[in-house]
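Enquirer: got a structure for you, letters missing:
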């Protein structure tokens, strides 16, 4: 099987600062699109992600998935790796890194150096 993910995920281009709220809309759009392409509900994605835990612990909360899809946040790297594994899309990891780097550049440019967590 010749599977290429090289150009399957678009780079993060949009980052909107709404007051103190950050929106990672491109990353959220990718998560939602990947889920919908597979015909999964958000609950099904939640179950699949948490089945990855070898100890039966919750890896990702349902509420976090909702926030990420809406662009109201971005997952930690561990959660991103879980998403990449479930979707078989290793490019998600780089997409997350790009989103964080873009956010840091926007904060530096806007002069917001309050130590905000990205």
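Expert: Nice, thanks for sending it over. Bear in mind that the values here come from a model prediction, so they are computed numbers and not experimental data.
Enquirer: By mean pLDDT, which helix or strand of this structure comes out lowest?
Expert: Lowest on mean pLDDT, DSSP states H and E among the helices and strands of the chain sits strand 16-18, with a mean of 46.
Enquirer: So which residues of this structure form helices?
Expert: 25-37, 42-50, 62-70, 77-87, 91-110 (DSSP state H).
Enquirer: I'd like the ones you listed as JSON lines, with distance to residue 56, mean pLDDT and mean neighbour count appended.
Expert: Any C-beta I mention is one placed from the backbone N, CA and C, and that applies to glycine too. Formatted as JSON lines, these follow (distance: least, C-beta to C-beta, whole Å; pLDDT from 0 to 100; neighbours: other C-beta atoms under 10 Å):
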{"stretch": "helix 25-37", "distance to residue 56": "23", "mean pLDDT": "90", "mean neighbour count": "19"}
{"stretch": "helix 42-50", "distance to residue 56": "8", "mean pLDDT": "95", "mean neighbour count": "16"}
{"stretch": "helix 62-70", "distance to residue 56": "16", "mean pLDDT": "93", "mean neighbour count": "17"}
{"stretch": "helix 77-87", "distance to residue 56": "14", "mean pLDDT": "93", "mean neighbour count": "18"}
{"stretch": "helix 91-110", "distance to residue 56": "24", "mean pLDDT": "81", "mean neighbour count": "16"}
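Enquirer: For residue 62, give me its contacts.
Expert: 42-43, 46 (C-beta atoms under 8 Å, 6 or more residues apart in numbering).
Enquirer: can we see that at 7 Å?
Expert: Contacts for residue 62 were tallied using C-beta atoms under 7 Å, 6 or more residues apart in numbering; they are residue 46.
Enquirer: And it, how far from residue 106?
Expert: Between residue 62 and residue 106 the distance is 29 Å, computed by C-beta to C-beta, to the nearest Å.
Enquirer: gap between stretch 72-91 and the chain center?
Expert: Here the centre of stretch 72-91 is set off from its chain's centre by 6 Å, with C-alpha atoms, centre = their mean, to the nearest Å.
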